[in-house]
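Enquirer: got a structure for you, letters missing:
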């Protein structure tokens, strides 16, 4: 096709270079061809579609530079699916439209996606949203994909870019997967060209609206009371004895195709919100984080002299660390924080990061520790979780007694906790630690999140 005059294409032909060079015919048992293909893991065995914010790979770092140089209005990240069997060659995962939000989110749901589905139907390639239902049972419907920022579509959303992950069906012939991908690219270009003025204006409006926002959502949940009805073309699922185990196994019966309406739960509501500070301050020693911010086009300035600043400081009240590694990290979740106003001494060279910039949403999601894919969630700040200094009990006894006598307010807190907590009342070591953690000997940096808010 001839490229319309109002369309510019930027193409990354190969993203996972290490994985592409690791070619065999056996790494994806679910996939029907080609004769040889690459491996999901890159040279570090990282899944690059989980690396868009943490950027552990050179691949993701290079992508971020390209992304911010191009500043795309639409991003397309082509994939091959796993999962259920059905009649479609092509399925489509889109930016979750409520999470994308604003005028652009509504435009995606109400205008642009319907145009893609209609265009693909005309080309003879029926299209359905990315399929994710349980045990071959579409009658339950399925939920829209929740694209946290680790994924390409979730990452693009932080910068008000509409993103798609086309997923060709693994079991369809390789030739059909290629042709349907080509047809979808054509359809994307046609729809983008037709709706270009509307798309550009709505994106511009949403960027401006975010700069005026006083709070932003960090977490989303599916709304099971709302759904869209889809006409879905699948195959009846059944059970038969396994040739391997003899136990009943799932299979899809291609002699029994069907088309029937199913529920698609693609309405999400915000669960956790963060108020947007005027700026964040990060001490200069946290290089891994400030380097990633710079990589993503964040504007930062340095303090020119040592300064005491009144800020909101978070203390990590609770968190769970995954017992098993996930993409080279033991991810933190269930994070709870307590915020206090404190006067903190900062040094010349520490970073001040205004939120009055296009990367505003990215900053909030990455720097608020309760965010799904925040830098705290990805362990960039785990050093603060370890207490560095302690005490010998016999020595602390000698120091704590006189100090406690001179601080009746702490003595009163100790007695109140002993009265309300019988287990604590019978544990002298816990009582000593309680006094220590309310004394000036306890290190202030322990559990204090080193990203400070100027509210």
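Expert: That came through, no problem. Being a predicted model, the structure only gives us computed values, none of them experimental.

Enquirer: chain center to the helix or strand containing residue 217: distance?
Expert: Per DSSP states H and E: residue 217 is located in strand 215-222. The chain centroid and the centroid of strand 215-222 are separated by 11 Å under Cα atoms, centre = their mean, to the nearest Å.

Enquirer: packing partners of that strand?
Expert: helix 97-100, strand 268-275, helix 360-367 (3 or more Cβ pairs under 8 Å, 6 or more residues apart in numbering; DSSP states H and E). (C-beta placed from N, C-alpha, C; glycine too.)

Enquirer: residues contacting whichever helix or strand comes after that strand, please?
Expert: For strand 215-222, the following helix or strand on the C-terminal side (DSSP H and E) is strand 228-241. Strand 228-241 has contacts (Cβ atoms under 8 Å, 6 or more residues apart in numbering) with 84-88, 126, 128-129, 135-138, 247-254, 256-264, 266.

Enquirer: pairing partners for whatever helix or strand comes next after strand 228-241, with directions?
Expert: Per DSSP H and E, the first helix or strand lying C-terminal to strand 228-241 is strand 248-265. Strand 248-265 pairs in its sheet with strand 142-143 (parallel), strand 228-241 (antiparallel), by DSSP bridges.

Enquirer: mind listing what's buried along the longest one?
Expert: Of the residues in strand 228-241, those buried under the neighbour-count criterion (16 or more other Cβ atoms under 10 Å) are 230, 232, 234, 235, 237.

Enquirer: how far away from the center of its chain is the biggest helix by length in the chain?
Expert: If you go by DSSP state H, the chain has its longest helix at helix 174-194. On the basis of Cα atoms, centre = their mean, helix 174-194 sits 27 Å off its chain's mean C-alpha point.

Enquirer: can you name the residues in contact with the helix or strand that that helix is followed by?
Expert: Note on helix 174-194: by DSSP H and E, the next helix or strand toward the C-terminus is helix 196-212. Residues outside helix 196-212 that contact it (Cβ under 8 Å, 6+ apart): 6-7, 73-74, 101-104, 107, 111-112, 160-162, 192, 216, 356, 358, 360-361.

Enquirer: thinking again about what came up before, of the buried residues of strand 228-241, closest to residue 452?
Expert: When the buried residues of strand 228-241 are ranked by distance to residue 452 (Cβ to Cβ), residue 230 comes first, at 47.0 Å.

Enquirer: so where's this protein uncertain?
Expert: Where the chain drops to pLDDT under 70, the residues are 134.

Enquirer: now do the domain split for this protein, please.
Expert: Per the record, the chain has its domains at 17-212, 274-455, by automatic domain parsing.

Enquirer: buried among the contacts of strand 228-241? Make that a ChimeraX selection.
Expert: A single ChimeraX command selects the buried members of these (16+ other Cβ under 10 Å):
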select :84,85,86,87,88,126,128,129,136,138,252,262,263,264,266
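
Enquirer: the helices in the stretch 251-400 of the chain, which residues?
Expert: For the stretch 251-400 of the chain, applying DSSP state H, counting those that start in this stretch gives helices covering 287-295, 360-367, 393-405.

Enquirer: let's have the helices and strands packed on strand 215-222 in a markdown table, adding distance to residue 188 and mean neighbour count.
Expert: Formatted as a markdown table, the helices and strands packed on strand 215-222 follow (distance: least, Cβ to Cβ, whole Å; neighbours: other Cβ atoms under 10 Å):
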| stretch | distance to residue 188 | mean neighbour count |
| --- | --- | --- |
| helix 97-100 | 16 | 22 |
| strand 268-275 | 24 | 15 |
| helix 360-367 | 24 | 24 |
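
Enquirer: looking at those, which is closest to residue 350?
Expert: helix 360-367 (14.5 Å).

Enquirer: now for that closest one, which elements pack on it?
Expert: Under the contact definition 3+ Cβ pairs under 8 Å, 6+ apart, helix 360-367 sits against helix 196-212, strand 215-222, strand 279-282, helix 287-295.

Enquirer: switch the cut-off to 10 Å
Expert: helix 152-157, helix 196-212, strand 215-222, strand 268-275, strand 279-282, helix 287-295, strand 351-354 (3 or more Cβ pairs under 10 Å, 6 or more residues apart in numbering; DSSP states H and E).

Enquirer: how far is that helix from where the chain is centred?
Expert: Put simply, helix 360-367 sits 11 Å off its chain's centre (Cα atoms, centre = their mean).

Enquirer: and if you look at stretch 367-384?
Expert: Distance, centroid of stretch 367-384 to centroid of chain: 12 Å (Cα atoms, centre = their mean).

Enquirer: figure out the length between the terminal residues of that stretch.
Expert: Distance between the two ends of stretch 367-384: 15 Å, counting by Cα to Cα, to the nearest Å.

Enquirer: quick revisit: most tightly surrounded among the helices and strands packed on helix 360-367?
Expert: Among these, ranked by average contacts under mean count of other Cβ atoms under 10 Å, first place goes to helix 152-157 (a mean of 26).

Enquirer: re the thing from before, need the buried residues of strand 228-241 in a markdown table (columns: distance to residue 441).
Expert: As requested, these are exported to a markdown table (distance: Cβ to Cβ, whole Å):
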| residue | distance to residue 441 |
| --- | --- |
| 230 | 63 |
| 232 | 65 |
| 234 | 66 |
| 235 | 68 |
| 237 | 64 |
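
Enquirer: out of those residues, the closest to residue 32 would be?
Expert: When those are compared for distance to residue 32 (Cβ to Cβ), residue 235 wins out at 15.3 Å.

Enquirer: roughly how far does that closest one sit from residue 142?
Expert: 16 Å (Cβ to Cβ, to the nearest Å).

Enquirer: equivalent analysis for residue 399, please.
Expert: Applying Cβ to Cβ to residue 399 and residue 142 gives a distance of 62 Å.

Enquirer: who has more neighbours, those two?
Expert: The neighbour count for residue 399 versus residue 142, taken as other Cβ atoms under 10 Å, is higher for residue 142 (22 against 14).

Enquirer: please name whichever of the domains of the chain is nearest to residue 225.
Expert: Nearest of those (Cβ to Cβ): domain 17-212, 12.7 Å.

Enquirer: how long is the closest one end to end?
Expert: Terminal residues of domain 17-212 lie 40 Å apart, using Cα to Cα.

Enquirer: from what I can see residue 5 touches residue 193, true?
Expert: Yes - if you go by Cβ atoms under 10 Å, residue 5 and residue 193 touch, sitting 8.4 Å apart.

Enquirer: more crowded one of these two?
Expert: More crowded of residue 5 and residue 193, by other Cβ under 10 Å: residue 193, with 14 against 7.

Enquirer: if I look at the residue lying closest to that one once chain neighbours are set aside, how far off is residue 192?
Expert: Once flanking residues are discounted, residue 193 sits nearest to residue 4: 3.9 Å by Cβ to Cβ, 6 or more residues apart in numbering. From residue 4 over to residue 192 the distance is 8 Å, taken as Cβ to Cβ.
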